[in-house]
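# Sequence first, then the predicted structure, then my questions.
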Amino acid sequence: MSEQLTQQQIEQARAEWVRAQFQKANEHLAGKGIIPDNVAATESRYLPPFMAVWKLNTKDKQSYWVISGDVPTDHMAFSAAANAREAVRAFSMQWQLKAQQIIDSGITDKTKQDFANLLINRAHGLYEMFSKDELWQAEAVS
């Protein structure tokens, strides 16, 4: 017998996922020596359980796009993309380039091969999400 989730349970699960991804994004930046101060929630986008794209601001007035979810957690300067949708495309292109660099350097072990394949796979998925206008309708309104 399968239980149907209530709308409240669905919303609670979504909120928990978003919170976990926010923490993951903050920890990623902190691990790079970048200390986040706050999030620009209106410019960030979430697509549970696939990805979250955050605009995080730092105490020293810098801003970064950070992506997390069922993708490698990564970041780039805010200036690299005008909005979350463009950031998704930029991450896609960046990961394709990283994968190509790994392949060009001569793959000597399975871990590198698996990582290159993961980057290629996730880059294609991100580009598909970037291409779907219906996922970005909220941006057009703001």
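Done, it's in.
# Quick check: the gap between the residue most central in space within the chain and residue 55.
The residue lying closest to the centre of the chain (Cα atoms, centre = their mean) is residue 67, at 2.1 Å. Going from residue 67 to residue 55 by Cβ to Cβ, to the nearest Å gives 11 Å. No exception for glycine: its C-beta is placed from N, CA and C like everyone else's.
# Equivalent analysis for residue 85, please.
Noted for residue 85: a distance of 12 Å to residue 55, by Cβ to Cβ.
# which of the residues in whichever helix or strand residue 65 is part of are buried?
Using DSSP states H and E, residue 65 maps to strand 63-69. Under the neighbour-count criterion of 16 or more other Cβ atoms under 10 Å, strand 63-69 has 64, 65, 66, 67, 68, 69 buried.
# okay, and the helix or strand of the chain with the least pLDDT?
helix 137-141 (a mean of 56; mean pLDDT, DSSP states H and E).
# hmm, back to that, look up which residues are beta-bridged to the residue nearest to the centre of the chain.
Using DSSP bridges, the bridge partners assigned to residue 67 are residue 53, residue 74.
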